[in-house]
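> Give me a 3D structure for the following:
(2 chains)
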Amino acid sequence: MLEVTLLAAFYVFVLASFVGFEVITKVPPTLHTPLMSGANAISGITLIGALLIAGQAGGTVGTVLGFLAVVLGTINVVGGLMVTDRMLQMFRRRPDEPDQR
Amino acid sequence: MLDYPLIITTTYLISAALLVVGLKQMGSPATARRGNLLASAGLLSAVAITLLDRAILDFRTIAAGMVVGAAIGAMIARTVKMTAMPQMVAIFNGLGGGASALIAISEFLRFSNDRSIDMPLETSVTIMVGTLIGLVTLSGSFVAFGKLQEIVATRAVTFPLQKTISAALFIGIVAASVFLVVEGPELAPFLALVAMCLLLGILLVVPIGGADMPVVISLLNSYSGLAAAAAGFVLNNTILIVGGALVGAAGLILTQIMTRAMHRSLLNVVFGSFGAQASSSSDGGVRSRADVPDGNPEDVAIMLAYAQSVIVVPGYGLAVAQAQHQVRELASLLEARGVNVRYAIHPVAGRMPGHMNVLLAEADVPYDKLFDLDDINDDFERTDVVVVIGANDVTNPAARDAADSPIFAMPILNVDRARQIVVLKRSLSPGFAGIDNELFYRENTTMLFDDAKAGVGKLIAAVSEV
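Next up is the predicted model:
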């Protein structure tokens, strides 16, 4: 019973990895840095796990660890997404207006 | 009566779809920004819906943690310089790995404190894996940050028995994990495991030299994804597994692209200590600056102004000097005179994949002027002038012609095939690979010994006078 749950989780992991390979192989080198910081923000999804841990109201140690995990995860998600957006808005095909300098 | 678990799982499914579509749209500069927003929406909805989980009793800790984290994250994201992007990604990788490790550690402590519940086998195994990957990512990323920020030695640092110690640590980690899985959640061996994992992360990154940082960052990025997936296995949470697997795949692909661009295997990068060996063996081969005449900016300006086609090859020296805006200004001047100016970007230019493209985009260089190695390499022989700014190894013809060179077979930009070559560089000092570059001594090469920013500034002034 439990082994089935674990196996199902592996199914998800393997298939998601294949999707990841397919989608990301097509990203051009120009976008590799934003891709990396964006992917990095997505790895901050571990925040969800942190929420579950922090919300369990265990002992003091548990609360401290949970709090830290939430802080680290949130920095990762918020910082990663914002900096990716900041980079991507700089990518332009042609400058919108002629150079004034 | 609302079925919370069903609502949560359904939302996770939608989030996963948003992440995949978002990543897909990141594949083109025109849609990338929207892709990032979609991924953000996916993350946000997954986080928001998780708060409905009935296991969550205490919202104060969560709220406080999220406010603090969001404030710090937003501050870093707004203020970080584009040149410092590799350091920032390294730190964020480390934090993500740290958060994943803390989840595994918390779960362990929960079972350790309350011995009335048995720890199921798969939980204990996933806790060990999650702790290992998460902590190695954490400490390894901080060492990488230190190297990129030049707080610690950027060269490959090696000491006797390094590999033996790393191997012994790894065996120790496996032994402690097996003991904990078999004997149950004992605190003392677990703390030893935590210490060994942190030490292993440090030992794995310390021997890697500055030139290999693009590989290390990509690899740590992959680890941070795997750490999140491992945390997903610990908690049996699908969206964590999906998100983690996507990031793990992204990091691995970039790692592969980087090692291929350096013509090295991943094992060679991780265990080869490339920078340390090369620098000690070939210092004598580098000629002194007195052997090479210092070029004159006015002559170069005339050469550029009357050229039909110019290719700029930017390297890390440009990034360090923050000369991207000056380069763009020079290109505008030349373009106004009808010169076709393009940029050739080597995959490992800069200190992380795609770093140079971001710097030039920051200086308003349109992305369709930036060309990848394969797309522009055949055009060098039809190019009047190539301007190499702060780049070295990626232009070294030895990689193509000299079978005994340490960088032989590394893909290079065929700069030497252009009619005229201008190299703007502070000195003749070798690049990361620690070897001399024959390009600098050619008949049709003009050397301008200057800082990238000051040197391009002089060229701008000289071209305006022509």
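> Check which helix or strand the residue most central in space within chain A maps to.
Centroid-nearest residue in chain A, with C-alpha atoms, centre = their mean: A:Ile42, separated by 1.1 Å. For A:Ile42, the element it lies in under DSSP states H and E is helix A:32-43.
> I'd like to know which elements the helix or strand that comes right after that helix is packed against.
Heading C-terminal from helix A:32-43, the first helix or strand you meet, by DSSP H and E, is helix A:47-54. Here helix A:47-54 touches helix A:60-74, helix B:32-50, helix B:59-79, helix B:85-113, helix B:213-235, helix B:238-261, going by 3 or more C-beta pairs under 8 Å, 6 or more residues apart in numbering or on different chains; DSSP states H and E. Every residue, glycine included, has its C-beta placed from N, CA and C.
> Now do helix A:47-54 against helix B:59-79, angle only.
Interaxial angle, helix A:47-54 versus helix B:59-79 (axes from the mean of the first three to the mean of the last three C-alpha atoms, to 10 degrees): 150 degrees.
> CA atoms only for helix A:47-54, dumped as PDB, please.
Taking C-alpha atoms only, helix A:47-54 is exported to PDB below (Å, rounded to 0.1, in the frame of the first residue of the first chain):
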ATOM      1  CA  LEU A  47       8.300  26.700   0.600                       C
ATOM      2  CA  ILE A  48       5.100  24.600   0.500                       C
ATOM      3  CA  GLY A  49       6.800  21.900   2.500                       C
ATOM      4  CA  ALA A  50       8.100  24.600   4.800                       C
ATOM      5  CA  LEU A  51       4.500  25.800   5.400                       C
ATOM      6  CA  LEU A  52       3.400  22.300   6.300                       C
ATOM      7  CA  ILE A  53       6.300  21.900   8.800                       C
ATOM      8  CA  ALA A  54       6.000  25.400  10.300                       C
END
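> same question for that helix, mean pLDDT?
The average of the pLDDT scores along helix A:47-54 is 90.
> Now do it: distance to the chain's middle.
How far helix A:47-54 lies from its chain's middle: 15 Å, per C-alpha atoms, centre = their mean, to the nearest Å.
> what residue ranges in the chain score low on pLDDT?
Using chain A here. A:1-2, A:57-58, A:94-101 (pLDDT under 70).
> meant chain B, my bad for not saying
B:1, B:272-291, B:432-433.
> Now mean neighbour count and distance to A:Ala9 too, for the helices and strands packed on helix A:47-54, in TSV please.
Listed next are these as TSV, based on neighbours: other C-beta atoms under 10 Å in any protein chain shown; distance: least, C-beta to C-beta, whole Å:
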stretch	mean neighbour count	distance to A:Ala9
helix A:60-74	23	20
helix B:32-50	21	17
helix B:59-79	18	25
helix B:85-113	27	15
helix B:213-235	30	6
helix B:238-261	26	6
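> want to try JSON lines for those, with distance to B:Leu23 as columns?
Shown next, in JSON lines, are the helices and strands packed on helix A:47-54 (distance: least, C-beta to C-beta, whole Å):
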{"stretch": "helix A:60-74", "distance to B:Leu23": "19"}
{"stretch": "helix B:32-50", "distance to B:Leu23": "7"}
{"stretch": "helix B:59-79", "distance to B:Leu23": "19"}
{"stretch": "helix B:85-113", "distance to B:Leu23": "16"}
{"stretch": "helix B:213-235", "distance to B:Leu23": "12"}
{"stretch": "helix B:238-261", "distance to B:Leu23": "6"}
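> So for A:Val12, which of the ones you listed sits nearest?
helix B:238-261 (5.1 Å; C-beta to C-beta).
> give me phi/psi at B:Met365?
Not Met; residue B:365 is Val. phi -80, psi 120 (degrees, to the nearest 10).
> Chain A versus that one, what's the distance?
9 Å (C-beta to the nearest C-beta, to the nearest Å).
> mind checking the longest helix of chain A?
helix A:2-25 (DSSP state H).
> Spell out whether that one and chain B are in contact.
Yes - using C-beta under 8 Å from any C-beta of the partner chain, helix A:2-25 comes into contact with chain B via A:2-3, A:5-6, A:9, A:12-14, A:16-21, A:23-25.
> neighbours around the nearest residue to B:His263 once chain neighbours are set aside, how many?
Closest residue to B:His263 apart from its sequence neighbours, by C-beta to C-beta, 6 or more residues apart in numbering or on different chains: B:Met410 at 4.2 Å. Here the number of neighbours of B:Met410 (other C-beta atoms under 10 Å in any protein chain shown) works out to 21.
> Just to be sure, B:Val313 is in a helix?
No - looking at B:Val313 with DSSP: H, G, I helix; E, B strand; the rest coil, it is strand, so not inside a helix.
> Which residue, other than its chain neighbours, is closest to B:Asp378?
B:Asn414 (7.9 Å).
> ok, the one you found - contacts?
Applying C-beta atoms under 8 Å, 6 or more residues apart in numbering or on different chains to B:Asn414 gives the contacts B:Asn377, B:Asp378, B:Phe380, B:Glu381, B:Arg400.
> Close to chain A: what parts of the stretch 251-400 of chain B are there?
For the stretch 251-400 of chain B, the residues in contact with chain A (C-beta under 8 Å from any C-beta) are B:251-254, B:257, B:329, B:332, B:345, B:347, B:352-355, B:357-358, B:361-362, B:364, B:366-368, B:370, B:372.
> Just the residues you listed: which are in strands?
Among those, DSSP state E puts B:Ile345, B:Leu370, B:Asp372 in strands.
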